[in-house]
Each structure stands twice: as structure tokens, then as C-alpha cells.
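> quick check, what structure comes out for this input:
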Amino acid sequence: MTRWFYSGAMALLVALVLAISIGGAHPAMAGDDPDFITFHIGGYDVNDDRTAGQFNLEYRSDWDEWYVKPFAGVMATTDAAAYVYGGFLLDVYLGRRIVFTPNVAVGLYSNGDGKDLGNTVEFRSGLELAYRLDNRARLGMAFHHISNASLSDNNPGTETLTLSFSLPLDNRFVD
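Residues are numbered from 1 along each chain as shown. The predicted structure is shown next:
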């Protein structure tokens with residue numbers, strides 16, 4: 001089952017890169033989307049033998065510079081691992097409804113009773129593919145790699161695969 005998830009995520013990555021390079025994709029225009037609160041639920045260490053449940057909560061800013069937007073989040077696993085991170089993302093629209101979001105982050109990791117990633121400082125890189133609803137909310141799937149980029153001799157890294165839901169934070173929630 002684990003290999004199936006990993007292979008599927010890699011096939012998704014290849015398909016998205018091809019779609020973007022063929023054309024028809026464009027970054028979101030400045031001010032096009034509001035801030036988001038994003039929730040993730042899924043699998044941690046899906047490529048190895050320390051698989052656990054994973055939950056993320058992220059804030060994604062609508063501020064952008066050259067289409068790149070900042071975000072920050074926290075992750076927790078069912079094995080008591082925790083990761084607090086911040087980074088940058090790019091929303092690329094494949095038509096009106098499909099949003100492809102590559103992202104990178106750096107943060108502080110504690111393994112709890114889970115997988116030892118070799119360092120407190122860990123880097124995360126990943127991709128998300130989401131469907132944009134009429135109210136701008138998004139429902140998608142995300143695949144991420146977390147590792148310490150060889151900051152220590154022990155650098156096993158891990159992969160995560162999650163479902164994501166992004167809730168827009170705009171003036172609809174303000175009286």
C-alpha cells in the first residue's frame with residue numbers, strides 16, 4: 001500500500017510538470033485570492049516503516065511578491081512528532097478550477113516517539129494539487145518530502161501524503 005501511494009504521488013508530479021511546461025498554466029494574479037487557513041490529514045513516512053497519521057494547520061497569506069506567497073504551519077503526528085515551519089509557495093492555475101502549488105519551507109522538528117530525522121532543523125519541499133470551489137475554498141492532495149539536507153550525518157528523510165482543505169479568510173467572516 002505504501003509503495004502505491006509513493007508511486008502515485010510521483011506520477012502526479014510528472015503529469016503536473018508536463019502540463020505546466022506544455023502551457024496553459026499561469027500564476028495567480030496579485031490580489032486574486034484571499035488568505036487561507038489550510039488543514040491537512042493523511043500519512044506521515046508513507047515511504048518507510050514508521051508510518052503514522054499526520055495533521056497540519058497552515059496559514060497562507062494573500063500577500064505576494066512576484067507571485068510567491070509566504071505561509072506558516074504546524075504539523076503533528078500520531079507518534080507525537082511535531083514540526084513548526086514557514087516558507088513560500090506559488091499558486092499556478094491550470095484553468096479556472098485546478099490549482100497546482102509547489103512550496104518550500106524550513107522549520108524545527110521534534111520526533112517525539114516517531115521517526116528520528118537526524119536534526120532539529122528540517123526542510124520541507126512539496127506539491128499540492130487542488131480543486132477550487134465557487135467560494136474559493138480548495139480541496140486537494142499534497143505530497144511533501146522532509147529532510148535535514150545533510151546538516152547531520154543521519155539524514156533519513158521522509159515523505160508525507162495528505163488530503164488538504166483550504167478555507168478562504170475574506171470579508172465574509174467580518175460583520
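> show me where this structure has helices.
2-22 (DSSP state H).
> so where's it shaky on pLDDT?
1-31, 171-175 (pLDDT under 70).
> what are the boundaries of the strands in it?
In the chain, the strands defined using DSSP state E lie at 25-27, 35-44, 52-60, 68-77, 82-90, 92-94, 98-110, 121-132, 138-147, 158-169.
> now the ones you listed as CSV including mean neighbour count?
(C-beta placed from N, C-alpha, C; glycine too.) Listed next are those as CSV, based on neighbours: other Cβ atoms under 10 Å:
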stretch, mean neighbour count
strand 25-27, 14
strand 35-44, 19
strand 52-60, 19
strand 68-77, 19
strand 82-90, 18
strand 92-94, 17
strand 98-110, 18
strand 121-132, 19
strand 138-147, 20
strand 158-169, 20
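> contacting residues for Val84?
Gly73, Val74, Met75, Gly107, Leu108 (Cβ atoms under 8 Å, 6 or more residues apart in numbering).
> try it again at 10 Å.
Ala72, Gly73, Val74, Met75, Ala76, Ala105, Gly107, Leu108, Tyr109, Ser110 (Cβ atoms under 10 Å, 6 or more residues apart in numbering).
> and the gap between the spatially closest residue to the last one that is not a sequence neighbour and Trp66?
Put plainly, it is Ser110. Distance criterion Cβ to Cβ, 6 or more residues apart in numbering; nearest residue to Ser110, sequence neighbours excluded, is Ala82 at 4.9 Å. Going from Ala82 to Trp66 by Cβ to Cβ, to the nearest Å gives 32 Å.
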